[in-house]
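# kindly generate the corresponding structure for this input.
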Amino acid sequence: SNWVAGLNGDWLVSRQRFFGVPIPVWYPLDSEGEPDYDHPILPAEADLPVDPAANPPAGYAEEQRGIPGGFVGDPDVLDTWATSSLSPQIAAGWRTADGTGSDPIFEKVFPMDLRPQAHDIIRTWLFATVVRSFWEHGTAPWTNAAISGFILDPERKKMSKSKGNVVTPEDVVKEHSADAVRYWAASGRLGTDAAYDIGQMKVGRRLAIKLLNASKFALGFGEPDLAPRQGLASVVTEPLDRAMLATLGKVVADATVGFENWDYTRSLDTTETFFWTFCDDYIELVKDRAHAGDPSARAALRLALSVLLRLLAPFLPYATEEVWSWWQEGSVHRATWPKAEELALGQPGDPAVLTTVGAALGAVRKAKSEAKVGMRTEVSQILIAGPAATLDKLRAGEGDLRAAGRITGEVTYAEGEELAIRDVMLVAPTP
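Numbers count the residues shown, from 1 in each chain. Model prediction:
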């Protein structure tokens, strides 16, 4: 109401452009063929919408267009806000070309679910669309409006054509990939400005490439042997595999809450953090078992990959669709959103097992790096200290830790205040 009451000037409503809603007005032509702008010819409201360039006014024939004593249609279209105030209706097919009815899809999609836009046009586009919708339909045009910020240049200044600091999207997509650009865009939270950051695009490209490579590696182990009508989850028995799926179940729950609360950056961060743990720790820990044909490892890998592809699909649409096509039917973007129940096991896993065994593997890697030897160097002796509960979790995944860390000798456990790897004895490489 304040906005309406505050209007105190004229508003130019016409534009000279090809696209837009035609101004539904004709003008009679005098005996010399000049338009009489003081006596416009208006259509009846029931005849709207009408294009004066394609239809004659009532009482005239098309043959009279442009000749003395005839008529001419207004050549302009309505100003952008008058046109875009109908953008939901136009997109949904509210009126057919001849104005006689609606597209069948209109009743299904209007009012719409979401209007995405920036904060600078709340008082214009958003306001005009809401007012127009209530006038025409008696309802709001959408359920939610997602208000984004501006894109800023590296110096934190708003990008605009007048300032000459605009970057052409096509060039950026060609250089960094569509997935990388989308990943960067997803890092900007609603209501806040986002800086144009090539570094973030490079991170997104790296993530997409890692997803392709890790998926190919995980699927390369083959499918687990299953009995008829036996599901993948039924053969996941190893503690580390159960721990990974339990962790992923929490990721699904957190990512889902993020999307439901419009906090998609949280969903991306949660999923991405797990994905790198999945690649750097879990796959490394179980690859020997999976290569040997262990059904638990192979089933867990495929269950996790299916869920991860669906979690990452909104952010990396092309990479996820490519991987999905390797082993699934249809499109990942038409697949159901993952649920934690998909990963539920008869005997729930302990997420701390994956965290603890992964930390121990990291400590073994660090010891090898400090000794300036390769990661495949064998360990002939190692002492692992930590609280009793922590040591129990390590014992549950000791077989995988031995395989990944190339620990061929004795593993000694000792109680301590925190997890620590000591007395690592490395086998000298053969000359």
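
# now do the helices in the stretch 151-300 of the chain.
169-176, 178-186, 198-219, 239-260, 264-277, 284-291, 295-312 (DSSP state H, counting those that start in this stretch).

# from the contact counts, what lies against the second one?
Pointing back at helix 178-186 there. Using 3 or more C-beta pairs under 8 Å, 6 or more residues apart in numbering; DSSP states H and E as the contact test, the elements touching helix 178-186 are helix 169-176, helix 198-219, helix 264-277, helix 317-327. Any C-beta I mention is one placed from the backbone N, CA and C, and that applies to glycine too.

# by contact count, what packs against the first one?
This points to helix 169-176. Helix 169-176 packs on helix 178-186, helix 198-219, going by 3+ C-beta pairs under 8 Å, 6+ apart.

# can you tell me which of those is packed in deepest?
helix 178-186 (a mean of 21; mean count of other C-beta atoms under 10 Å).

# save the helices of the stretch 151-300 of the chain as a markdown table, and put in mean pLDDT and distance to Lys163 too.
Listed next are the helices of the stretch 151-300 of the chain as a markdown table, based on pLDDT from 0 to 100; distance: least, C-beta to C-beta, whole Å:
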| stretch | mean pLDDT | distance to Lys163 |
| --- | --- | --- |
| helix 169-176 | 91 | 17 |
| helix 178-186 | 95 | 21 |
| helix 198-219 | 96 | 19 |
| helix 239-260 | 96 | 34 |
| helix 264-277 | 97 | 27 |
| helix 284-291 | 96 | 48 |
| helix 295-312 | 97 | 35 |
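
# need those helices in JSON lines with distance to Ile384, can you?
Shown next, in JSON lines, are the helices of the stretch 151-300 of the chain (distance: least, C-beta to C-beta, whole Å):
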{"stretch": "helix 169-176", "distance to Ile384": "43"}
{"stretch": "helix 178-186", "distance to Ile384": "38"}
{"stretch": "helix 198-219", "distance to Ile384": "28"}
{"stretch": "helix 239-260", "distance to Ile384": "16"}
{"stretch": "helix 264-277", "distance to Ile384": "20"}
{"stretch": "helix 284-291", "distance to Ile384": "15"}
{"stretch": "helix 295-312", "distance to Ile384": "23"}
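
# quick one: which of the ones you listed is nearest Ile407?
helix 284-291 (12.0 Å; C-beta to C-beta).

# quick one: that closest one to helix 239-260, angle?
If you take axes from the mean of the first three to the mean of the last three C-alpha atoms, to 10 degrees, helix 284-291 sits at 120 degrees to helix 239-260.

# mind listing what's buried in helix 284-291?
284-290 (16 or more other C-beta atoms under 10 Å).

# same list (the residues you listed) but as JSON lines, adding distance to Leu303.
Shown next, in JSON lines, are those (distance: C-beta to C-beta, whole Å):
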{"residue": "Glu284", "distance to Leu303": "18"}
{"residue": "Leu285", "distance to Leu303": "16"}
{"residue": "Val286", "distance to Leu303": "13"}
{"residue": "Lys287", "distance to Leu303": "16"}
{"residue": "Asp288", "distance to Leu303": "19"}
{"residue": "Arg289", "distance to Leu303": "15"}
{"residue": "Ala290", "distance to Leu303": "13"}
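
# out of the helices and strands packed on helix 169-176, the one nearest Thr356 is which?
With respect to Thr356, and counting by C-beta to C-beta, the nearest of the helices and strands packed on helix 169-176 is helix 198-219 at 22.3 Å.

# so where's the stretch 1-150 of the chain uncertain?
1, 3-4, 80, 96-102 (pLDDT under 70).

# tell me the phi and psi of Ala420?
phi -150, psi 140 (degrees, to the nearest 10).

# can you classify the nearest residue in space to it that is not next to it in sequence as helix, strand or coil?
Distance criterion C-beta to C-beta, 6 or more residues apart in numbering; nearest residue to Ala420, sequence neighbours excluded, is Ala385 at 4.6 Å. Assigned with DSSP: H, G, I helix; E, B strand; the rest coil, Ala385 falls in the strand class.

# surely Ala385 and Gly416 touch.
Yes - contact criterion C-beta atoms under 8 Å: Ala385 and Gly416 qualify, at 3.5 Å.

# for this protein, what spans make up the strands?
14-15, 26-28, 71-73, 77-78, 112-118, 142-148, 151-152, 194-195, 379-386, 407-415, 420-426 (DSSP state E).

# tell me the angle the fifth one makes with strand 142-148.
Here the directions of strand 112-118 and strand 142-148 differ by 20 degrees (the same axes, to 10 degrees).

# ok so, going back, out of the strands of the chain, which comes closest to Glu238?
That would be strand 407-415 among the strands of the chain, by C-beta to C-beta, at 17.6 Å.

# specify the angle between the closest one and strand 420-426 in degrees.
Using the same axes, to 10 degrees: strand 407-415 against strand 420-426 is 150 degrees.

# tell me what strand 407-415 is packed against?
Using 3+ C-beta pairs under 8 Å, 6+ apart: strand 407-415 touches strand 379-386, helix 388-396, helix 398-405.

# need those in CSV with mean pLDDT, can you?
Listed next are those as CSV, based on pLDDT from 0 to 100:
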stretch, mean pLDDT
strand 379-386, 94
helix 388-396, 95
helix 398-405, 96
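
# turn those into CSV, columns for distance to Arg123 and mean neighbour count.
What follows is these, written out as CSV (distance: least, C-beta to C-beta, whole Å; neighbours: other C-beta atoms under 10 Å):
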stretch, distance to Arg123, mean neighbour count
strand 379-386, 60, 19
helix 388-396, 57, 17
helix 398-405, 59, 21
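
# distance to Met159 for those - can I get that in a markdown table?
Listed next are the helices and strands packed on strand 407-415 as a markdown table, based on distance: least, C-beta to C-beta, whole Å:
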| stretch | distance to Met159 |
| --- | --- |
| strand 379-386 | 52 |
| helix 388-396 | 50 |
| helix 398-405 | 47 |
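
# and of the ones you listed, who's closest to Ile147?
Here helix 388-396 is closest among the helices and strands packed on strand 407-415 (C-beta to C-beta), at 45.1 Å.
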